[in-house]
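S.K.: what's the 3D shape of this:
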Amino acid sequence: MIDFSPGYIVLLITTGLIAGVINTMAGGGSNLTIPALMIMGLPADIANATNRVGVFLQSLVAIKGFKKHDKLETSDIGPILLPTLIGGVLGACAASFSPEWILKPLLLITMVGMALIILISPSTIMPEAGVVPKKVKDSPMAVVTLLLAGFYGGFVQAGVGFILIAALAGSLRYDLVRTNALKMVCTLAFTALALVIFIWQDQILWVPGLILAVGTMVGAALGVRLAIKVQANTLKWFLFIMTLFACGAAVVF
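M.R.: Coordinates of the predicted model:
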């Protein structure tokens, strides 16, 4: 039975706000929101699907904010989105028919890998100042990483921001702020496709999803302001801490 008491509603909104900030500046906010939905009584697969409502709406808010501050590069959005969307469709289909137990090990392995990349080779996700970003057509590796990022995002969502950052900053060499802006465009696109799949499978509970979205949208607006103001090195270490948090969440939940 799902609990809609005032305390749980406040929990969802508060958790959504924090997750909106985290997702906009780094990634991994779904490691908070999915457990919050499960605490309300949602099964893991329904929580995973319902969580996408907040992710979709927070992405809209974040994109608008980054564009307002002229931090959204639009020239390569189409080529970036194409492999991401293909991967997202495949991932959402796989998630809809896969056993629940596979989500945790996939999340844990991915987050540990990302944490090691940040610690051992930070230049992978933080290009030097003045580096000119590459175009997707000039980087076959970017196509592969975006396809994998889309698949992961469509499959589990939690932590996908880290994978998109690795693809956009690592393969295409965008700075972290512009990477986060493009990351939100990709997230919006494959989350929209994932929502279609989950709606078709009748796996979304709209009331808790929309309650959660109230918080995530506020958090996204705040996250844009913070991402633009903080130093690149600070943003890198915030990303690292959130990756470690995601690892812990994968173990606990």
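S.K.: Only C-alpha atoms from now on, for both contacts and neighbour counts.
M.R.: Will do.
S.K.: pretty sure Gly29 is touching Gly20, no?
M.R.: Yes - contact status for Gly29 versus Gly20: in contact at 6.7 Å, counting by CA atoms under 8 Å.
S.K.: out of these two, which sits in the busier spot?
M.R.: Of the pair Gly29 and Gly20, Gly20 is the one with more neighbours under other CA atoms under 10 Å, namely 36 against 29.
S.K.: So which bits of whatever helix or strand the more buried one lives in are buried?
M.R.: Taking DSSP states H and E as the definition, Gly20 sits inside helix 6-25. In terms of neighbour count (16 or more other CA atoms under 10 Å), helix 6-25 has its buried residues at 8-9, 11-25.
S.K.: same check, this time on stretch 53-68
M.R.: 53-66.
S.K.: which residues are contacting it?
M.R.: Contacts with stretch 53-68, where a contact means CA atoms under 8 Å, 6 or more residues apart in numbering, come from 16, 20, 24, 72, 181, 184-185, 187-188, 191-192, 195, 206, 209-210, 212-214, 216-221, 223-225.
S.K.: ok, now stretch 143-159?
M.R.: Applying CA under 8 Å, 6+ apart, the external contacts of stretch 143-159 come out as 27-31, 48, 52, 80, 83-95, 103, 107, 111, 136, 160, 163-164, 166-168, 171, 187, 190-191, 194, 243, 246.
S.K.: And for stretch 160-168?
M.R.: By CA under 8 Å, 6+ apart, stretch 160-168 touches 23, 26-28, 111, 114, 124-125, 142, 145-146, 149, 152-153, 174, 176, 179-180, 182-183, 186-187, 239, 243.
S.K.: Off-centre distance for that stretch?
M.R.: Its chain's C-alpha centre and that of stretch 160-168 lie 8 Å apart, by CA atoms, centre = their mean, to the nearest Å.
S.K.: From Val185, how far out is the spatially most central residue of the chain?
M.R.: The residue lying closest to the centre of the chain (CA atoms, centre = their mean) is Gly161, at 3.6 Å. Computed as CA to CA, to the nearest Å, the Gly161 to Val185 distance reads 11 Å.
S.K.: Now do the same contact list for Leu239.
M.R.: Met25, Ala26, Gly27, Phe162 are the contacts of Leu239 under CA under 8 Å, 6+ apart.
S.K.: what about 7 Å?
M.R.: Ala26 (CA atoms under 7 Å, 6 or more residues apart in numbering).
S.K.: again with the one 4 residues further on
M.R.: With contacts defined as CA under 7 Å, 6+ apart, the neighbours of Thr243 are Met111, Met114, Ala115.
S.K.: Which one of those sits in the busiest neighbourhood?
M.R.: Met111 (28 neighbours).
S.K.: quick one: that one and Ala221, what's the gap?
M.R.: 25 Å.
S.K.: could you show me where the strands are in this protein, in order?
M.R.: Applying DSSP state E to the chain gives no strands.
S.K.: I'd say Gly51 and Pro208 touch.
M.R.: Residue 51: Asn, not Gly. No - Asn51 is beyond contact range of Pro208, at 8.7 Å (criterion: CA atoms under 7 Å).
S.K.: and the two? which has more neighbours close in?
M.R.: Asn51 (29 against 24).
S.K.: Could I get the contacting residues of that one?
M.R.: Thr33, Ile34, Gly209.
S.K.: quick one: which of those is nearest Pro99?
M.R.: Distance to Pro99 across these (CA to CA) is lowest for Ile34, with 16.7 Å.
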